[in-house]
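>>> how would this look folded up:
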Amino acid sequence: MSSQRKPNTKPLLIALAIFAGGIAYYLSQNETKNDSTDLNTKSIRLVGKAKAPLSIKNNKDSPYNQDGELALENMTESEKKTIKFKANPVLKTELEKKKEKQKIIRQEFKNLIKADFEMPENLDYVNMDLDEGIAGVFGTGRGDILGFTALAKEGSISTKMAVGYLNDSSSGLPFSGKVQFSEKAIMKINNPPGTNIREVLVYESSNPSFKAALLKRSDNKGTYLMILEADPLLYSNNEGYLDKLLLNFKAKGP
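Numbering: from 1, shown residues only. Model prediction:
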């Protein structure tokens with residue numbers, strides 16, 4: 001009995017395997033290429049091409065710097081001060097503004113009554129609205145000096161009239177009706193030559209904190225009244241304080 005030979009399919013299977021592998025390799029290479037192209041396209045779209053920084057060359061003879069501003073060495077003194085002011089602005093405090101305002105009030109009153117004299121500082125001064133022909137300023141404080149009042153009237157008035165005005169409860173003075181001044185002076189001060197003040201009379205009151213002084217001009221063109229309210233210890237511990245205050249009073253001009 002003769003045997004029948006089977007056909008050999010091994011070469012065919014190998015050929016098919018090689019063909020399929022080639023197709024798979026081709027497809028994988030094409031996909032990788034597409035992914036790479038898309039990635040590069042996105043990278044270019046997002047990042048873009050970097051530009052080199054601009055370099056501005058300035059003429060060495062130009063008065064301006066690279067920022068387009070006038071160089072400091074080419075500025076006038078006035079321009080330099082303006083730059084300095086803008087760079088370091090000075091802001092005044094409320095206390096400094098208040099002190100300046102008080103200084104103006106004191107100086108304007110002295111100019112009005114034509115006199116130069118010491119007015120206790122650290123007080124809050126206000127101008128007073130008094131009878132016609134009488135100018136006045138009043139200051140209050142919280143230290144040893146509690147109050148200071150300065151009054152002025154044109155012409156010469158008698159001692160009796162001056163004291164009567166201080167004791168008048170309807171005068172409008174800050175202490176009116178609260179204190180009574182003696183009609184007789186306790187002290188007379190002769191001011192030094194050159195002050196244009198003929199005499200100074202000092203008066204006590206029913207309250208040891210209050211003292212008043214009447215000053216008469218040598219030319220009889222004006223009369224002044226100064227009233228001080230202070231801690232009684234100020235008069236005893238600072239002997240001569242009131243005298244010094246009065247002796248520095250000078251009447252100006254005709």
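>>> What separation do you get for the residue lying closest to residue 152 once chain neighbours are set aside and residue 186?
Using C-beta to C-beta, 6 or more residues apart in numbering and skipping residues adjacent in sequence, the residue nearest residue 152 is residue 113, 3.7 Å away. Every C-beta, even on glycine, is put in place using the N, C-alpha and C of the backbone. Applying C-beta to C-beta, to the nearest Å, the value for residue 113 to residue 186 is 25 Å.
>>> mind showing which ranges of the stretch 151-254 of the chain have poor pLDDT?
Along the stretch 151-254 of the chain, the parts satisfying pLDDT under 70 run over 239, 254.
>>> ok, back up a step: so for residue 113 and residue 186, which sits in the more crowded spot?
Legend: neighbour count by other C-beta atoms under 10 Å for residue 113 and residue 186, higher for residue 113 (20 against 10).
>>> related to what we said a few turns ago, go ahead and confirm the residue nearest to residue 152 touches residue 153.
No: contact criterion C-beta atoms under 8 Å: residue 113 and residue 153 do not qualify, at 9.1 Å.
>>> Could you find the closest non-adjacent residue to residue 121?
What sits nearest to residue 121 in space, not counting adjacent residues and going by C-beta to C-beta, 6+ apart, is residue 102, at 7.9 Å.
>>> Then residue 117?
residue 249 (4.1 Å).
>>> cool, and residue 156?
Nearest to residue 156 is residue 220, by C-beta to C-beta, 6+ apart, at 4.4 Å.
>>> Next up, the contacts around the residue nearest to residue 152.
Listed by C-beta atoms under 8 Å, 6 or more residues apart in numbering, the contact set of residue 113 reads 135, 150, 152, 222, 224.
>>> Just put the residues you listed in JSON lines and tack on distance to residue 243.
Listed next are these as JSON lines, based on distance: C-beta to C-beta, whole Å:
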{"residue": "135", "distance to residue 243": "25"}
{"residue": "150", "distance to residue 243": "17"}
{"residue": "152", "distance to residue 243": "21"}
{"residue": "222", "distance to residue 243": "21"}
{"residue": "224", "distance to residue 243": "16"}
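>>> Pick the one among the residues you listed closest to residue 119.
Nearest to residue 119 out of the contacts of residue 113 is residue 150 (C-beta to C-beta; 6.9 Å).
>>> So in terms of bridging, what pairs with that closest one?
residue 137, residue 226 (DSSP bridges).
>>> All set, thanks.
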